[in-house]
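Q: Have a look at this prediction, sequence included:
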Amino acid sequence: MNAMPATKKPVAAGDKAPNFSAQDETGRTWSLKALKGKTVVLYFYPKDNTSGCTTEACDFRDRYDAFVKKGARILGVSPDAAKSHAGFKAKHGLPFPLLVDEEKDICRAYGVWQEKSLYGRKFMGVVRSTFVIGPTGRIVQAARKVSVAGHAEAILEAV
C-alpha cells in the first residue's frame, strides 16, 4: 500500500473551506455545500476509542447544546470505518455525526494528513485539528495540533 502524500498548502483562516461529501456512521451523506448558511465545526481526530480522541469527543458532546444555541453544527472526521464510528458514537452518547474518511480525502483537503513521529517511528496520520467554517463557507478559525484539554471550550468561544 502506498503512503498518501500530505497536503502541500494547509488551509487557513480566511480561506474558502474545501467542499467535501462523506457518509456518517449511519450511511447518511453530508457535504459542506449542503450546510451552506450554517456555522460548521469540523474536527479531525486520529482514531475512535483512543484516550485523547474519546476525551475530545466527550468534551464536544458535553458542550453540544451550547454549540447548537450558537447555531453551529459539529461534524467529527477520522479515517475509521462506519462500524467503528457507530460503536464509538453509541458507547459515548455522541449527538453529532462522525464522518468516514477511509481514503483520507477530507483529511488531505484540510491539510491534516501528515507525517507523524512516535517513539522514533515515522508514519502518516491525522494531526488533531479543528476548523470553524462560517455561514459563507470561509474558514473562521483553523486550530492545528491541538491539545485535547480545554479545546472544545476554546472552539465554543470562537463560534
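A: The structure has been received and is ready for your questions.
Q: Indicate each strand paired with the least confident helix or strand in the chain by mean pLDDT and its parallel or antiparallel sense.
A: In the chain, the helix or strand scored least confidently by mean pLDDT, DSSP states H and E is strand 113-118, which has a mean of 86. Paired with strand 113-118 in the same sheet, following DSSP bridges, are strand 121-126 (antiparallel).
Q: Skip ahead from the strand it pairs with and say which helix or strand is next.
A: strand 129-133 (DSSP states H and E).
Q: and that next one, what other elements does it pack with?
A: Here strand 129-133 touches strand 39-44, strand 139-144, helix 151-158, going by 3 or more Cβ pairs under 8 Å, 6 or more residues apart in numbering; DSSP states H and E. The way it works is simple: take the backbone N, C-alpha and C, and place the C-beta from them, glycine included.
Q: Can I take it that Pro37 is in a strand?
A: Quick fix: residue 37 reads Gly, not Pro. No. Going by DSSP: H, G, I helix; E, B strand; the rest coil, the assignment for Gly37 is coil, not a strand.
Q: Give me the buried positions along the least confident helix or strand of the chain.
A: For strand 113-118, a neighbour-count test (16 or more other Cβ atoms under 10 Å) marks 113-114 as buried.
Q: what does stretch 141-159 give?
A: By 16+ other Cβ under 10 Å, the buried positions in stretch 141-159 come out as 141-144, 146, 148, 151-152, 155-156, 159.
Q: ditto for stretch 23-33
A: Judged by neighbour count (16+ other Cβ under 10 Å), stretch 23-33 contains these buried residues: 24-25, 30, 32.
Q: Pull the residues that contact that stretch.
A: Contacting residues not belonging to stretch 23-33 are listed as 17-22, 40, 75, 82-83, 85-86, 89, 97-100, 133, 137 [Cβ atoms under 8 Å, 6 or more residues apart in numbering].
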